Structure formats: C-alpha cells, structure tokens
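Mind folding the following:
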Amino acid sequence: MLQGYRTLVRVFPRLIYKNLRTTVAFPVNPSQLDSSSSSSSSSSWQHRFFHSAVGKDRISSRRHEMDRLPQYTSSPDEFLPTLLSDKGFYDKDVTNLIVTDQLWNEIYREFAEKYPSGKSIFDSCLMRILNNGEHAMLLMRFLEKGDFTIHLSTYCYYVELLGTLPLSAEIEEEILKHFSKIEPRSASLTNELCRSVVLGLARTRLWPKCLKLLARMKQQVTHSNAVGLKRDAVCAVIEAAVRSGEYNTAYDLIDVLGVHNFEPTNAVYHAFTHAWDQFPDGDLEHQFGRLLGAIGKWYFYPSETMVKHLLAWISAKSNNTWKSSPTQLDDSGVCKVTGVLLTPVSFSLKEFNKLKKTFLDQVLIRGDIFLHTRPEEFQMFCRFLEMYAPFDVVIDGLNVWYLSGQHARNLDVVLHSLLRERKKVLLIGKRHLFREYRPPSNPDLYTFSADNTTSDDPFMLYAALHSGRKTNIVSSDRLRDSKYLTGPEMKNIFFRWQTSRTYLPQIVNRRLTLVPPRVYETKTQKNNDVWHIPCDNMEPMYSYEMPDTWYCLYKKK
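Here you go, the predicted model:
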C-alpha cells in the first residue's frame, strides 16, 4: 500500500501537466500591430519581446484527491534511530555500551511490536543505520545464530561497516567471507548497495573486483539524469590502486572523477605521498608532475592545506631542490614571484562548432526527450534566434535579478552598462520575471520569456553559442549540470569557453559591478618549468572564477 501511495505521488504531477492548456504569442514588432492590438499595448514596450506561455495550472481543482490519500506515521527508518539512541548506541562515549544478544533481542521485540508486518526487514533496516563496525560484527553474529533470513542488502551494509575498522587479517577475512555471499548476486545490486560493497572491499587484496562494481554503478542513471557513480566509492578504489602500485588504474579513475565533476578527497592525495615514500629519488619528479598534470587536466582545486602539504613533501624529498611560494597574478596572468605568464584561454573554431552541436544534442535534446523545455517552446526559441540573432551579450535575467535585494536595480545597472556600449543584448528570463520587471526601451535590447517550468540556463547558453564565438554571457551561475551533460570530451572546451566569455556580476560595497572575463587558464599548469597551482580557500567560488590563492613551484637556481 505504501509503495502504491509513493507511486501515485510521483505520477500525480505528470497527470496534471498533461492537462495544461498551452497558448503561444509569436514575436512581433509594435509597428506591425493593428490598431486594436496597438491600443492595448504599452509604449514603453518598444523593444522586441518574445513570450512563451503555458495556460493556468488546474492543480487546485484536484487538491481534494491528495487529501483523500492515506497518511502514515513514522517509518522504520525513522523509528529505529530513535530506538538505538535511547539504548545508548549514539552516545559520545559508546565504548561504555555493552552490546549483548539480550540487547539485540530487546530491540527486535520493540521493532516487531511497532511494525508486525515489517519483521522480515529488521536485519536490513538495522544494519543500514548502524555507525560502528564493532556493533555491526556483533549484530551479524546475532542474526546468524538466530532464526533470521539475512538479506543481500544486510551483507552489503555489513561489508561497508567492516571497512571502517582498522584493517587486520581477521577483518580482511571477514570482509572477503561475506563478499563471497554477495558476488554471485552482484548483478542485482542497486547503486547504493554497490557503493557499500566497494567502500569495504577496497580495503582488501581483492580490491580489483571493485572495478566491475564501479562499472555497474556508472550504468545506473539517477532521477537527475546523472550517472550513479559516487565520489567516495571511486576515491576508495583509487587509494587501493595507489597502495598496490597500480598507478595507471589510479589515474584512469582520476579521469572518471573529472568526467563526473568530482574532486579527489584528501585521502587520495595522502595515499600518493605515502606510496611515493617508497620510490627512489629519480622517480619522484616524474610521479609528482603526473599528479599535478591530472589536477590541471580536470580543473581540480585542492584545498590550500592540501597544496601546502604536497609542496612541503616534494621540497623535503628533493632536498629543497624544489621551492614553493604563495603568489599573486596580475590581470594578464603574470606571476608576481617568477614573472611567468600563465596559459591564455583559447579554443579553435572547430572546437567551438563541435561544442555548439554537442550542447544542442546532449543538453537540450537527448534522443526524443526534451529535458529542459517543451518541444513547442524550443521550436519557438529557434525561430526567435533565426529572426534576431546574433547577439553580443546574453543575460541570465533571474540570476542577476536575485543577486541582491534590489532586484530591478540589478538588471537596470547591467543593461544600461551594456547598452551604453551599443551592444546588442538578449535578456532571458521566465514569465514571473517579466511580470515584475519592465526592461528599458531600447532598439538594441531583446527579451525572451520562458515558461515558469522551463530551465532557462540552457536557453541562455544555446543563444550565446548560436550567436558565435565572440558572444559573452552575464551570469554567476556555476552551470554544473550543463558542463556535465556535454560529456567527457567536451567538458574542457566548455569550461574554457565559459570562463573566457562570462561577465561575472558581483556586489562590491553595495554596488553591482561586472567583472570581465578572465584571459588566462585558472588551473594547475606548468610553464617554463614552473608549476602554478590554484587553491580552494574554502570560501564560495564560481567554477569560472579565479581562486584567491595561488602557489608556484620552481627549481632553485
């Protein structure tokens, strides 16, 4: 019954959406309006306005259907944590808790009284919420001795918890013993269960078997159209590969992290330096450079603390042959310590055209499914671009609108600044934005109003790509979804295009300013035998914004 209720809740909005009435207003020039329509139009709306509207929602008329659905009290996932907390499992000094079979029996009886029909899932629910590997071992002993049917998921969660314990021969054999029960049925594992098994198995000598589980996770797609890989699972296998000296496998998995917009964990970097302690001095420079190259390839930004650790390590291992220093860069990308110019941002016309096509195929349209809009709305948008493009600047209207509490002033400042320079500007927003904001009248200003249910970021990006290589965008959005959906091959090109064409609106001293696009690459890079490494100072930072902190690494002369 509960599953049916959840299914209805998921499907219900789609049932409503199918009944929405759609109306369309085509782009017109006010001078072309007939007398009846021109009399009702406002003279202040002389700029071209394109509006895509969806009819009024009729959700309220069906609200009574939701009211008749059954209401449920707390689920087992809510009840068990409270029960364990009452028993002392989550106390700060949990070592004082004596866990016996009698205590497990007591927990089982209380659970069975609360959920008589849920007794069969007791083992899985309880193992999933435990946070202590030793308690998990005691629970597994209790379940194996008792008259319980132990589910596959219970073994998976158990393996994960074993992986949190200090590794010993006993723990490793316990992990492998229970993995042998999981492996024959691994084809039926969900994404969550694959992750649990990987986190435990990666600690053992059979860690290469995790690669098959990662491949399975990669095939599973989440509700947000992103692959099912988990950062901690991939990083756990990277650590295992490094410990075993399988560096090619480790770097292949680092590429996987980069493709899916994951950053390596600090534990990954520590695994490298720990393994390198066993290398002869002649290999250190090559191995260290390979790691920095991977960091730069995927635009990873390690924390400043981790960068300091890496630089101190290479300096000590090279007998201070390598020296590092914090540095600053001028607007053109010249290091103030070494005087080295960083790599300029550039992309060829061939790369740009490929990015444009890939963006349309993978972000706006995937097969026959329009991910971010309705087919009719996208067709109207394409006709709009055919009529009025190219544009010099495309503005993410809602992004600028919500930049501060002075919503209308934000857009006014940006628009007046660009229009003074005689730029041809496209302002993209949703219906509710243009109900609250009346743009200034200017022949160089165009607007496109999307449905409130439409994701307008892809429209902004496609309008800029359609307009050509020299078109800029105005937005402080990280655009992570779009960057991911362009795929591994195009991610680097998308990043370079985004960073070199984005004006970043910022509030400085209560005034909005537009920070011009960056002219050099913000990534770890080597120029003239000098490494420059940007750091994450743990403050909010946009994906195309220059980090506040840089370090340079160079050889002593």
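
Which element, helix or strand, includes the closest residue to residue 490 other than its chain neighbours?
Distance criterion Cβ to Cβ, 6 or more residues apart in numbering; nearest residue to residue 490, sequence neighbours excluded, is residue 358 at 4.9 Å. For the C-beta atoms, the positions are set from N, CA and C on the backbone; glycine is no exception. Per DSSP states H and E: residue 358 is located in helix 349-359.

for that helix, packing partners?
Judged by 3 or more Cβ pairs under 8 Å, 6 or more residues apart in numbering; DSSP states H and E, helix 349-359 is in contact with helix 457-467, helix 487-501.

what does the shortest one contact?
This points to helix 457-467. With Cβ atoms under 8 Å, 6 or more residues apart in numbering as the test, helix 457-467 has contacts from 352, 355-356, 359-360, 363-364, 372-373, 381, 385, 389-392, 394-396, 426, 428, 448, 450, 471-473, 475, 477, 479, 481-482, 501.

Which of these fall in strands?
Judged by DSSP state E, the subset of these located in strands is 394-396, 426, 428, 448, 450, 472-473.

Quick one: distance of the one helix or strand residue 241 maps to to the chain centre.
Element membership of residue 241, judged by DSSP H and E, is helix 231-243. Relative to its chain's centre, helix 231-243 lies at 19 Å (Cα atoms, centre = their mean, to the nearest Å).

Now the element after that helix, going C-ward?
helix 247-259.

Just the CA atoms of that following helix, as CSV, please.
Provided in CSV are the C-alpha atoms of helix 247-259 (Å, rounded to 0.1, in the frame of the first residue of the first chain):
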residue,chain,number,x,y,z
TYR,A,247,49.2,3.9,-11.0
ASN,A,248,47.7,3.6,-14.4
THR,A,249,44.5,2.3,-12.9
ALA,A,250,44.6,5.1,-10.3
TYR,A,251,44.9,7.8,-13.0
ASP,A,252,42.2,6.2,-15.1
LEU,A,253,39.9,6.5,-12.1
ILE,A,254,41.0,10.1,-11.5
ASP,A,255,39.8,10.7,-15.1
VAL,A,256,36.5,9.2,-14.0
LEU,A,257,36.3,11.7,-11.2
GLY,A,258,37.0,14.6,-13.5
VAL,A,259,34.4,13.5,-16.1
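
Run through who's touching that helix.
211, 214, 218, 229, 231, 234-235, 237-238, 241-242, 263-264, 268, 287, 290, 294, 297-300, 487-488, 491.

could you give the angle of that helix to helix 231-243?
160 degrees (axes from the mean of the first three to the mean of the last three Cα atoms, to 10 degrees).

now helix 247-259 and helix 487-501, what's the angle there?
Using the same axes, to 10 degrees: helix 247-259 against helix 487-501 is 50 degrees.

just checking, what packs against whichever helix or strand comes after helix 247-259?
Sequence-wise, the next helix or strand downstream of helix 247-259 (DSSP H and E) is helix 266-276. If contacts are counted by 3+ Cβ pairs under 8 Å, 6+ apart, helix 266-276 sits against helix 231-243, helix 281-297, helix 304-317.

Residue 434 - how many residues pack around it?
For residue 434, the neighbour count with other Cβ atoms under 10 Å is 19.

er, residue 430 actually
Residue 430 has 19 nearby residues by other Cβ under 10 Å.

cool, and residue 444?
Neighbour count of residue 444, defined by other Cβ under 10 Å: 16.

per-residue pLDDT, it?
Per-residue pLDDT puts residue 444 at 97.

quick one: contacts for it?
419, 422-425.

who wins for most neighbours among those residues?
Neighbour max across the contacts of residue 444 (other Cβ under 10 Å) = residue 425, 24 neighbours.

Is it bridged to anything, and to what?
The partner list for residue 425 in beta bridges (DSSP bridges) reads residue 393, residue 445.

Could you report the separation of it from residue 446?
In this view, residue 425 and residue 446 are 7 Å apart by Cβ to Cβ, to the nearest Å.

So for the two, which residues contact both of them?
What both residue 425 and residue 446 touch, as defined by Cβ under 8 Å, 6+ apart, is the set residue 391.

Of the ones in strands among the contacts of helix 457-467, just say which sits nearest to residue 135.
Comparing the ones in strands among the contacts of helix 457-467 against residue 135 with Cβ to Cβ places residue 396 closest, at 49.7 Å.

Quickly note the distance from the nearest residue to the closest one once chain neighbours are set aside to residue 505.
Nearest residue to residue 396, sequence neighbours excluded (Cβ to Cβ, 6+ apart): residue 475, at 3.7 Å. Residue 475 is 8 Å from residue 505, where distance means Cβ to Cβ.

Give me the more crowded residue out of these two.
residue 475 (25 against 22).

quick one on the thing from earlier: export the helix holding residue 241 as PDB, just CAs?
C-alpha atoms of helix 231-243 as PDB (Å, rounded to 0.1, in the frame of the first residue of the first chain):
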ATOM      1  CA  ARG A 231      32.700  10.100  -5.300                       C
ATOM      2  CA  ASP A 232      33.700   8.200  -2.100                       C
ATOM      3  CA  ALA A 233      33.500   4.900  -3.800                       C
ATOM      4  CA  VAL A 234      35.700   5.900  -6.700                       C
ATOM      5  CA  CYS A 235      38.200   7.600  -4.300                       C
ATOM      6  CA  ALA A 236      38.300   4.400  -2.200                       C
ATOM      7  CA  VAL A 237      39.300   2.400  -5.200                       C
ATOM      8  CA  ILE A 238      41.900   5.000  -6.300                       C
ATOM      9  CA  GLU A 239      43.500   4.700  -2.800                       C
ATOM     10  CA  ALA A 240      43.600   0.900  -3.200                       C
ATOM     11  CA  ALA A 241      45.200   1.100  -6.600                       C
ATOM     12  CA  VAL A 242      47.900   3.500  -5.300                       C
ATOM     13  CA  ARG A 243      48.600   1.300  -2.300                       C
END
